[in-house]
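# Sequence first, then the predicted structure, then my questions.
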Number of protein chains: 2
Amino acid sequence: MTSLPPAVTAVIDALSALPGIGQRSAERLTLRLLQTGDSLALTLSQALQDMTTQVHECQRCHHLCEGTLCSLCSDPGRDQHQLCVVESPLDVLALERTHSYRGGYHVLHGTLSPLRKVSPQDIRLASLLERLREGEITELILATGASTESEATALYLLQEAEGIYTGSVTRLSRGIPSGMQLDSLDVGTVTRAMTERRSW
Amino acid sequence: MTSLPPAVTAVIDALSALPGIGQRSAERLTLRLLQTGDSLALTLSQALQDMTTQVHECQRCHHLCEGTLCSLCSDPGRDQHQLCVVESPLDVLALERTHSYRGGYHVLHGTLSPLRKVSPQDIRLASLLERLREGEITELILATGASTESEATALYLLQEAEGIYTGSVTRLSRGIPSGMQLDSLDVGTVTRAMTERRSW
């Protein structure tokens, strides 16, 4: 039994359904939305509505977009012969922040997981194989994460691509993250860094 | 220059305007709102709209409500002779969670602050003095925070109440918070705990 009116608890409930936002944080955020006057709450409300109605996956790479193709697929300045496979649109943002890559992407929207019952048809794998089959790609970059599920997904993709794709395959390097000391890292990371050491 | 469509960045911008939510968190939350399908984003959108149009301050205690009086002011089971003064609706929630108080509240919606240019007429002080003047209150509980601004606000209130209010005045106790060790606390807290020690 709360002392708050239902219209307020409805916002708190919706916010606390989001990852990393507990009950207390949701209360604080909601109160802040009320305090900032009507503008921020209504702005957010409208933005959510617009997003739901206007945004969908890019027909080609499955990144988020409003039209047919996303801004990356329709950018003539990008090398569409390079194809970087990622798990989520967030990974595209992370890579774009680096300004170290000017090729195309393919967003899988998940990883294979027998436990969570995610099978190949639940992620954007068929359309990726289709893109490889077209023969335009010369470098396939596996930029999935470093978890077991992510690695299994990359391996499955390579198996499926066999016979279809003959270009080069690369993956993101593994090793010591920037700014970290060796003694604060797990054994797996340090092992990788040693076995995959590069010449100075 | 982001690779995301404007309808998505609008949601990210609105979320990152909230306290404690940075750019990256806002991106993650927005992507999650997109992933959970239309339902959560639209639920939140509608809830925000409802909250903005339906919720206002209780005419009596300034807690949040939808009607004329809030659920606490209109609860006949609560002792309206006790009046607990707090800074924010969040403080009401914090006290209600304890189930240790069954009286009334008065929400100031802020603290006095010459630096931030918050003067007595900017917080709900006049209506509090009005309630004290009515003569129904027998215990005034000062439940403002422990910051300098909060204490100054409580002191100012006591000055203003002089001559108007003749009942008892109490304040929340100060001391060692539950579960803490003395050596991890600041000098001020330990000093308070010692000088305000109670008989076993």
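Yep, that arrived.

# neighbours of A:R78, just the number please.
Residues near A:R78, counting by other C-beta atoms under 10 Å in any protein chain shown, number 16. In short, each C-beta sits where N, CA and C put it, glycine included.

# Looks like it contacts A:Y101 (just checking).
No - contact criterion C-beta atoms under 8 Å: A:R78 and A:Y101 do not qualify, at 9.1 Å.

# where along chain A do the helices fall?
A:6-16, A:23-35, A:38-54, A:89-98, A:126-133, A:148-161, A:187-195 (DSSP state H).

# Please produce TSV containing those helices, extended by mean pLDDT, distance to B:A7 and mean neighbour count.
Listed next are those as TSV, based on pLDDT from 0 to 100; distance: least, C-beta to C-beta, whole Å; neighbours: other C-beta atoms under 10 Å in any protein chain shown:
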stretch	mean pLDDT	distance to B:A7	mean neighbour count
helix A:6-16	93	19	21
helix A:23-35	91	20	19
helix A:38-54	90	4	20
helix A:89-98	92	13	18
helix A:126-133	96	23	16
helix A:148-161	94	29	17
helix A:187-195	88	38	13
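
# out of these, nearest to A:H106?
With C-beta to C-beta, the closest approach to A:H106 among these belongs to helix A:126-133: 4.9 Å.

# Kindly reformat the helices of chain A as JSON lines containing distance to A:L64.
Formatted as JSON lines, the helices of chain A follow (distance: least, C-beta to C-beta, whole Å):
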{"stretch": "helix A:6-16", "distance to A:L64": "21"}
{"stretch": "helix A:23-35", "distance to A:L64": "24"}
{"stretch": "helix A:38-54", "distance to A:L64": "9"}
{"stretch": "helix A:89-98", "distance to A:L64": "5"}
{"stretch": "helix A:126-133", "distance to A:L64": "15"}
{"stretch": "helix A:148-161", "distance to A:L64": "20"}
{"stretch": "helix A:187-195", "distance to A:L64": "31"}
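
# can those go into CSV with extra columns for distance to chain B?
Listed next are the helices of chain A as CSV, based on distance: least, C-beta to the nearest C-beta, whole Å:
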stretch, distance to chain B
helix A:6-16, 4
helix A:23-35, 5
helix A:38-54, 4
helix A:89-98, 5
helix A:126-133, 18
helix A:148-161, 17
helix A:187-195, 22
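
# Next one, pLDDT for the residue nearest the centre of chain A please.
With distances taken as C-alpha atoms, centre = their mean, A:S88 lies nearest the centre of chain A, 1.8 Å away. pLDDT recorded at A:S88 is 94.

# Give me the spatial nearest neighbour of A:S16, chain neighbours excluded.
Nearest non-adjacent residue to A:S16, counting by C-beta to C-beta, 6 or more residues apart in numbering or on different chains: A:A26, 3.8 Å away.

# you'd agree the one you found is up against A:P19?
No - the criterion here is C-beta under 8 Å, and A:A26 misses it with A:P19 at 12.0 Å.

# Quick check: closest non-adjacent residue to A:P120.
Using C-beta to C-beta, 6+ apart, the nearest residue to A:P120 is A:L112, at 6.4 Å.

# can you dump the C-alpha coordinates of stretch A:40-56 into PDB?
The C-alpha coordinates for stretch A:40-56 follow below in PDB (Å, rounded to 0.1, in the frame of the first residue of the first chain):
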ATOM      1  CA  LEU A  40      10.400  16.600 -19.700                       C
ATOM      2  CA  ALA A  41       7.700  14.100 -18.900                       C
ATOM      3  CA  LEU A  42       5.700  15.000 -22.000                       C
ATOM      4  CA  THR A  43       8.800  15.200 -24.200                       C
ATOM      5  CA  LEU A  44       9.700  11.700 -23.100                       C
ATOM      6  CA  SER A  45       6.100  10.500 -23.600                       C
ATOM      7  CA  GLN A  46       6.000  11.800 -27.100                       C
ATOM      8  CA  ALA A  47       9.400  10.600 -28.000                       C
ATOM      9  CA  LEU A  48       8.500   7.000 -26.800                       C
ATOM     10  CA  GLN A  49       5.400   7.100 -28.900                       C
ATOM     11  CA  ASP A  50       7.200   8.300 -32.000                       C
ATOM     12  CA  MET A  51       9.900   5.700 -31.600                       C
ATOM     13  CA  THR A  52       7.400   2.900 -31.300                       C
ATOM     14  CA  THR A  53       5.600   3.900 -34.500                       C
ATOM     15  CA  GLN A  54       8.500   5.100 -36.600                       C
ATOM     16  CA  VAL A  55      11.500   2.900 -35.900                       C
ATOM     17  CA  HIS A  56      12.100  -0.600 -37.300                       C
END
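
# what's stretch A:104-116 in contact with?
Identification of contacts with stretch A:104-116 by C-beta atoms under 8 Å, 6 or more residues apart in numbering or on different chains yields A:57-58, A:61-63, A:72-73, A:78-80, A:82-89, A:91-92, A:95, A:118-120, A:122-125, A:127-128, A:131, A:144-145, A:147, A:149-150, A:152-153, A:156.
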